[in-house]
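Visitor: Need coordinates for the below:
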Amino acid sequence: MKRAILGFCITAPLVVCMLSGEASKARCENRSAGLAAANIFAGVDPQTELVTALRKLKSAYPYRQTVTTTSTENDQVASSETSVTEFASASRIRVKSTGQDGKRSEMIIIGNFSYLFFEGKWIKQEQSADEKAMMEGAQDKFIASMSDVKFAGLETVNGRKCRAYTYRWGLGDISVSGKFPEGIGKAWIGVADGLPYQMDQDLGINGHRTKYHTVYEHRARISIAMPRT
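Guide: Residues are numbered from 1 along each chain as shown. Predicted structure coming up:
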């Protein structure tokens, strides 16, 4: 099993208050938060903001990404899957997936090798140059497909204030009956730390739709050991 992994994030200014007394400190922090919410990336167009966000996640380790994928055909659910990807570092990754039928799969990537758990045992194989390029280039392809990016305001997600963005995207290298899948999406980026906290996407063509609901957990405790093969 090979999965191209997308990541999304954003940068934000850091405000440090150097005032004495707890009351003064609290007032400064509240004022700084308000200024950050109102002025973060002031004067920069939304596409630049979101592209900056998408690229920064490459260095935001460790974090956990949970994606629920639901596919429908003519408004009837055809399949669903939940995958949890843990990034301990750029070269140490674990992916666990559970399908609609309850079947589970797991893959670990450490350095240049991948380990797939299959029929009760781990199978080790070296990643080819093409496989590594596919994973590393997945995010760039997604970024290149985005258009019509708009800032949608400040919203709260899981108790955290975020900047919301809407956009259009697609798969320009895959066609069905001569048509290319097109979709819409929305991303929520934390105001305080500039990291992604949620992303929803919808992609469809010829009556087939796929929805992705992604939740990010940052600074998670992640330990990935090399499996015994």
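Visitor: what about stretch 152-168, distance to the chain center?
Guide: 14 Å (C-alpha atoms, centre = their mean, to the nearest Å).
Visitor: swap in stretch 153-173?
Guide: 11 Å.
Visitor: cool, and stretch 76-88?
Guide: Distance, centroid of stretch 76-88 to centroid of chain: 13 Å (C-alpha atoms, centre = their mean).
Visitor: What residues of it count as buried?
Guide: Glu81, Ser83, Val84, Thr85, Glu86, Phe87, Ala88 (16 or more other C-beta atoms under 10 Å). Bear in mind the C-beta positions are built from the backbone N, C-alpha and C, glycine included.
Visitor: likewise stretch 140-158?
Guide: For stretch 140-158, by 16+ other C-beta under 10 Å, it's Phe142, Ile143, Ser145, Met146, Val149, Phe151, Val157.
Visitor: can you give me the end-to-end distance of it?
Guide: Taking C-alpha to C-alpha, to the nearest Å, stretch 140-158 runs 28 Å from one end to the other.
Visitor: any idea how far Asp75 lies from Asp202?
Guide: As judged by C-beta to C-beta, to the nearest Å, Asp75 and Asp202 stand 13 Å apart.
Visitor: Ok, Lys132 next?
Guide: 29 Å.
Visitor: Quick check: Asp193 is in a helix.
Guide: No: applying DSSP: H, G, I helix; E, B strand; the rest coil, one finds Asp193 to be coil, outside a helix.
Visitor: What's the local residue count around Glu119?
Guide: 5 (other C-beta atoms under 10 Å).
Visitor: do the same with Thr72
Guide: 16.
Visitor: quick revisit: now the buried residues of stretch 76-88 as a markdown table including secondary structure, distance to Lys124 and pLDDT?
Guide: Rendered in a markdown table, the data for those read as follows (DSSP: H, G, I helix; E, B strand; the rest coil; distance: C-beta to C-beta, whole Å; pLDDT from 0 to 100):
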| residue | secondary structure | distance to Lys124 | pLDDT |
| --- | --- | --- | --- |
| Glu81 | strand | 24 | 94 |
| Ser83 | strand | 21 | 96 |
| Val84 | strand | 22 | 97 |
| Thr85 | strand | 19 | 96 |
| Glu86 | strand | 19 | 97 |
| Phe87 | strand | 20 | 96 |
| Ala88 | strand | 18 | 97 |
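Visitor: Sort out which one of these lies nearest Asn206 for me.
Guide: Glu81 (21.2 Å; C-beta to C-beta).
Visitor: How about the contacts made by the closest one?
Guide: By C-beta atoms under 8 Å, 6 or more residues apart in numbering, Glu81 lies in contact with Thr68, Thr69, Ser97, Thr98, Gly99, Gln100.
Visitor: Might you report the residue contacts of the first one?
Guide: It stands for Thr68. Contacts of Thr68 (C-beta under 8 Å, 6+ apart): Ser80, Glu81, Thr82, Tyr212, His213, Thr214.
Visitor: I appreciate the help and will end here.
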